[in-house]
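Student: After the sequence you'll find the predicted model.
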Amino acid sequence: MCGRFSLTATPEDVRDFLGLLELEGFPPRFNIAPTQPILVVVAGDRQEPGSNLPDRKAVLVRWGLMPSWVKDPKEFPLLINARSETAIDKASFRAAMRHHRVLVPASGFYEWHRPAKESGERSQAYWIRPRHGRIIAFAGLMENWSSADGSEVDTGAILTVGSNKTIGRIHGRMPVVIKPEDFERWLDCKSGEPRHVADLMAPVEEDFFEAIPVSDLVNKVANTGPEVQAPVGESLAVAKPEKNSPGTGQMSLF
């Protein structure tokens with residue numbers, strides 16, 4: 001799963017990476033947690049005259065998807081993640097997969113390795129970031145939820161997939177990463193059906209991420225500074241491919 005992530009890149013870098021015409025400034029965020037507002041990018045309605053950029057815009061959503069058909073949010077679980085293997089058919093995500101696919105810009109995410117109790121080992125948090133050091137885009141879903149009194153809120157979730165072998169040493173799931181060359185196809189909900197983007201929902205290459213052990217400061221939502229990413233040990237080694245196996249690819253935010 002993905003229960004915490006970070007976005008510390010500058011607004012200018014996020015704008016350029018995602019091909020946005022404009023993006024309001026925002027501060028670096030080192031420990032983004034569920035129910036907080038997160039930045040997502042959606043396909044726009046039209047191309048700007050004279051622009052070579054794709055028609056995309058950034059919006060804020062609450063992290064925790066709420067399907068439009070939910071009557072009482074207090075009786076519905078907080079959906080911060082959606083399993084990519086079942087999202088196309090699951091009632092909670094079916095409409096969003098068809099009509100509201102989004103990109104979630106991030107600098108990386110956190111995951112916890114939780115050993116079996118009988119092992120006597122402590123839980124260990126990891127800061128998992130791209131080795132190239134730049135921005136990444138998670139596959140996301142968005143839904144607009146309306147209450148009985150007419151108030152509306154945009155909500156979102158991050159899609160996950162079974163981890164590759166490297167991240168699998170920490171946790172069995174990881175976020176789906178959409179590469180820049182696939183942004184247009186992922187966001188195209190007018191002509192692209194969910195089955196047309198199913199191939200994008202796969203784990204990244206073994207050496208794409210670097211997993212760095214960090215302290216338990218990240219466990220507390222109140223800790224929002226860069227100290228939550230301070231290393232406390234060596235990075236996790238990249239898993240080597242098995243012999244004879246098929247080849248693997250070597251706005252205010254408050």
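Tutor: Done, it's in. Numbering: from 1, shown residues only.

Student: Name the residues of the longest helix along the chain that are buried.
Tutor: Of all segments of type helix in the chain, defined using DSSP state H, the longest is helix 11-18. Using 16 or more other Cβ atoms under 10 Å as the burial criterion, the residues of helix 11-18 that qualify are Pro11, Val14, Arg15, Phe17, Leu18. Placement of C-beta: from N, CA and C, glycine included.

Student: do the same with stretch 166-174
Tutor: By 16+ other Cβ under 10 Å, the buried positions in stretch 166-174 come out as Thr166, Ile167, Ile170, His171, Arg173, Met174.

Student: Which members of those residues occur in strands, if any?
Tutor: Cross-referencing those against strands under DSSP state E gives Arg173, Met174.

Student: just the buried residues of stretch 166-174 now: which is nearest Arg83?
Tutor: Taking Cβ to Cβ as the measure, Arg83 sits nearest to Arg173 out of those, at 7.9 Å.

Student: Give the full set of residues in contact with the closest one.
Tutor: Counting by Cβ atoms under 8 Å, 6 or more residues apart in numbering, Arg173 makes contact with Met1, Cys2, Asn81, Arg83, Thr160, Val161, Gly162, Ser163.

Student: ditto for Arg195
Tutor: Neighbours of Arg195 in contact, by Cβ under 8 Å, 6+ apart: Ile88.

Student: Doesn't Leu60 belong to a strand?
Tutor: Yes - counting by DSSP: H, G, I helix; E, B strand; the rest coil, one finds Leu60 located in a strand.

Student: correct me, but it touches Gln36?
Tutor: No - the criterion here is Cβ atoms under 8 Å, and Leu60 misses it with Gln36 at 9.9 Å.

Student: hang on, the earlier thing: would you mind checking the contacts of Arg173 for buried ones?
Tutor: Here, 16+ other Cβ under 10 Å leaves Cys2, Asn81, Thr160, Val161, Ser163 buried among the contacts of Arg173.

Student: Quick check: the farthest pair among those?
Tutor: Most distant of the buried ones among the contacts of Arg173, by Cβ to Cβ, are Asn81 and Ser163, 13.0 Å apart.
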